[in-house]
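# All I have is the shape, not the residue letters:
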(Lines give C-alpha, C1' and ligand atoms only; values in the text may rest on other atoms or scores of the structure.)
Protein backbone atom coordinates (compact mmCIF):
# COMPACT_ATOMS: atom_id res chain seq x y z
CA UNK A 1 0.00 0.00 0.00
CA UNK A 2 1.10 3.53 -0.70
CA UNK A 3 -0.49 6.75 0.55
CA UNK A 4 0.35 10.28 -0.49
CA UNK A 5 -1.06 12.59 2.17
CA UNK A 6 -1.28 16.30 1.53
CA UNK A 7 -2.23 18.72 4.26
CA UNK A 8 -4.69 21.09 2.62
CA UNK A 9 -6.78 24.14 3.36
CA UNK A 10 -9.21 22.91 0.69
CA UNK A 11 -9.50 20.21 -1.98
CA UNK A 12 -12.06 18.88 -4.38
CA UNK A 13 -12.51 16.16 -6.99
CA UNK A 14 -14.58 16.37 -10.15
CA UNK A 15 -15.87 13.62 -12.41
CA UNK A 16 -17.42 14.61 -15.74
CA UNK A 17 -17.33 18.28 -14.68
CA UNK A 18 -19.36 17.57 -11.52
CA UNK A 19 -17.88 17.97 -8.04
CA UNK A 20 -18.21 14.61 -6.30
CA UNK A 21 -16.14 15.42 -3.20
CA UNK A 22 -15.01 18.62 -1.47
CA UNK A 23 -13.31 19.38 1.84
CA UNK A 24 -11.91 22.28 3.80
CA UNK A 25 -8.97 21.95 6.18
CA UNK A 26 -7.64 18.41 6.38
CA UNK A 27 -5.95 15.71 4.32
CA UNK A 28 -6.18 14.93 0.64
CA UNK A 29 -5.09 11.28 0.47
CA UNK A 30 -4.13 9.43 -2.69
CA UNK A 31 -4.38 5.68 -2.10
CA UNK A 32 -2.50 3.06 -4.07
CA UNK A 33 -3.34 -0.56 -3.32
CA UNK A 34 -0.70 -3.19 -4.06
CA UNK A 35 -1.18 -6.80 -5.12
CA UNK A 36 -0.23 -8.12 -1.66
CA UNK A 37 -2.39 -5.75 0.43
CA UNK A 38 -5.16 -6.81 2.80
CA UNK A 39 -7.47 -5.33 5.45
CA UNK A 40 -4.64 -5.84 7.94
CA UNK A 41 -2.40 -3.70 5.72
CA UNK A 42 -5.13 -1.06 5.43
CA UNK A 43 -5.64 -0.99 9.20
CA UNK A 44 -1.93 -0.34 9.79
CA UNK A 45 -1.85 2.47 7.24
CA UNK A 46 -5.02 4.06 8.62
CA UNK A 47 -3.67 4.01 12.15
CA UNK A 48 -0.48 5.73 11.02
CA UNK A 49 -2.29 8.25 8.79
CA UNK A 50 -4.88 9.26 11.39
CA UNK A 51 -2.21 9.53 14.06
CA UNK A 52 0.08 11.84 12.07
CA UNK A 53 0.63 15.05 14.01
CA UNK A 54 1.23 17.51 11.18
CA UNK A 55 -1.04 20.40 12.12
CA UNK A 56 0.34 23.33 14.10
CA UNK A 57 -0.51 23.86 17.76
CA UNK A 58 -0.80 27.25 19.51
CA UNK A 59 3.02 27.48 19.54
CA UNK A 60 3.42 26.86 15.82
CA UNK A 61 4.76 23.31 16.33
CA UNK A 62 3.43 20.46 14.18
CA UNK A 63 1.93 18.66 17.14
CA UNK A 64 -1.75 18.12 16.32
CA UNK A 65 -3.51 15.28 14.48
CA UNK A 66 -6.40 15.42 12.03
CA UNK A 67 -8.85 14.64 14.88
CA UNK A 68 -7.32 17.34 17.10
CA UNK A 69 -8.12 20.03 14.52
CA UNK A 70 -11.46 18.49 13.47
CA UNK A 71 -10.00 18.10 9.99
CA UNK A 72 -11.67 16.54 6.99
CA UNK A 73 -10.60 13.81 4.56
CA UNK A 74 -10.78 13.53 0.78
CA UNK A 75 -9.72 10.04 -0.30
CA UNK A 76 -8.81 9.31 -3.91
CA UNK A 77 -7.87 5.92 -5.38
CA UNK A 78 -4.72 6.12 -7.50
CA UNK A 79 -3.23 2.91 -8.86
CA UNK A 80 -0.55 4.93 -10.66
CA UNK A 81 1.29 5.18 -7.33
CA UNK A 82 2.49 1.69 -8.28
CA UNK A 83 4.08 2.83 -11.54
CA UNK A 84 7.33 0.98 -12.17
CA UNK A 85 9.55 3.09 -14.40
CA UNK A 86 12.77 1.06 -14.15
CA UNK A 87 12.67 -0.22 -17.74
CA UNK A 88 12.03 2.10 -20.65
CA UNK A 89 9.80 5.14 -20.56
CA UNK A 90 6.38 3.49 -20.38
CA UNK A 91 5.41 2.74 -16.78
CA UNK A 92 4.35 -0.76 -15.79
CA UNK A 93 1.57 -1.23 -13.25
CA UNK A 94 1.90 -4.97 -12.59
CA UNK A 95 2.58 -4.34 -8.88
CA UNK A 96 -0.81 -2.63 -8.43
CA UNK A 97 -3.63 -4.63 -6.87
CA UNK A 98 -6.35 -6.32 -8.86
CA UNK A 99 -9.05 -3.66 -9.45
CA UNK A 100 -11.84 -5.58 -7.66
CA UNK A 101 -9.67 -6.21 -4.61
CA UNK A 102 -8.30 -2.66 -4.68
CA UNK A 103 -11.79 -1.16 -4.79
CA UNK A 104 -12.87 -3.30 -1.82
CA UNK A 105 -9.88 -2.09 0.23
CA UNK A 106 -10.45 1.51 -0.87
CA UNK A 107 -14.10 1.33 0.27
CA UNK A 108 -13.06 -0.42 3.48
CA UNK A 109 -10.65 2.43 4.26
CA UNK A 110 -13.35 5.03 3.67
CA UNK A 111 -15.78 3.16 5.92
CA UNK A 112 -13.19 2.88 8.70
CA UNK A 113 -12.30 6.58 8.45
CA UNK A 114 -15.96 7.55 8.72
CA UNK A 115 -16.00 5.88 12.14
CA UNK A 116 -13.44 8.42 13.39
CA UNK A 117 -13.61 11.52 11.19
CA UNK A 118 -16.78 13.62 10.83
CA UNK A 119 -16.29 14.57 7.15
CA UNK A 120 -14.90 11.96 4.75
CA UNK A 121 -15.35 12.62 1.05
CA UNK A 122 -14.20 10.40 -1.82
CA UNK A 123 -13.55 10.19 -5.51
CA UNK A 124 -15.04 7.55 -7.79
CA UNK A 125 -12.93 4.42 -8.10
CA UNK A 126 -11.64 3.95 -11.64
CA UNK A 127 -13.08 7.21 -12.94
CA UNK A 128 -11.21 9.94 -14.81
CA UNK A 129 -10.97 12.45 -11.97
CA UNK A 130 -9.82 16.05 -11.83
CA UNK A 131 -8.38 16.84 -8.41
CA UNK A 132 -7.61 20.36 -7.23
CA UNK A 133 -6.18 21.43 -3.92
CA UNK A 134 -4.58 24.17 -1.92
CA UNK A 135 -1.64 22.48 -0.21
CA UNK A 136 -1.04 23.94 3.23
CA UNK A 137 2.65 24.46 3.87
CA UNK A 138 3.23 22.78 1.47
CA UNK A 139 3.11 19.65 3.59
CA UNK A 140 3.15 16.25 1.88
CA UNK A 141 3.83 12.86 3.48
CA UNK A 142 4.40 9.60 1.61
CA UNK A 143 3.56 6.41 3.48
CA UNK A 144 4.65 3.09 2.06
CA UNK A 145 5.73 -0.22 3.54
CA UNK A 146 8.95 1.38 4.87
CA UNK A 147 6.94 3.82 7.02
CA UNK A 148 4.75 1.22 8.71
CA UNK A 149 6.21 -0.93 11.51
CA UNK A 150 5.49 -4.66 11.46
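Now that the structure is in, tell me what you want to look at. As the structure is a prediction and not an experimental result, all values here were calculated from the model.

# Next up, identify which helix or strand the spatially most central residue of the chain is on.
In the chain, the centroid-proximal residue (CA atoms, centre = their mean) is residue 29; its distance is 2.2 Å. Counting by DSSP states H and E, the element that carries residue 29 is strand 26-32.

# buried stuff in the following helix or strand past that strand?
Counting by DSSP H and E, the next helix or strand C-terminal to strand 26-32 is helix 39-51. The neighbour-count check on helix 39-51 (16 or more other CB atoms under 10 Å) flags 41, 42, 44, 45, 46, 48, 49, 50 as buried. To be clear about C-beta, it is placed using only N, CA and C from the backbone, and glycine gets the same treatment.

# Nearest to residue 135 among those residues?
Nearest to residue 135 out of these is residue 49 (CB to CB; 16.6 Å).

# confidence score at the closest one?
Looking at residue 49, its pLDDT stands at 97.

# Next: residue 149.
On pLDDT, residue 149 comes in at 69.

# and if you look at residue 88?
Looking at residue 88, its pLDDT stands at 88.

# what's the average pLDDT for the longest helix that the chain contains?
Criterion DSSP state H: the longest helix present in the chain is helix 99-114. Taken as a whole, helix 99-114 has a mean pLDDT of 97.
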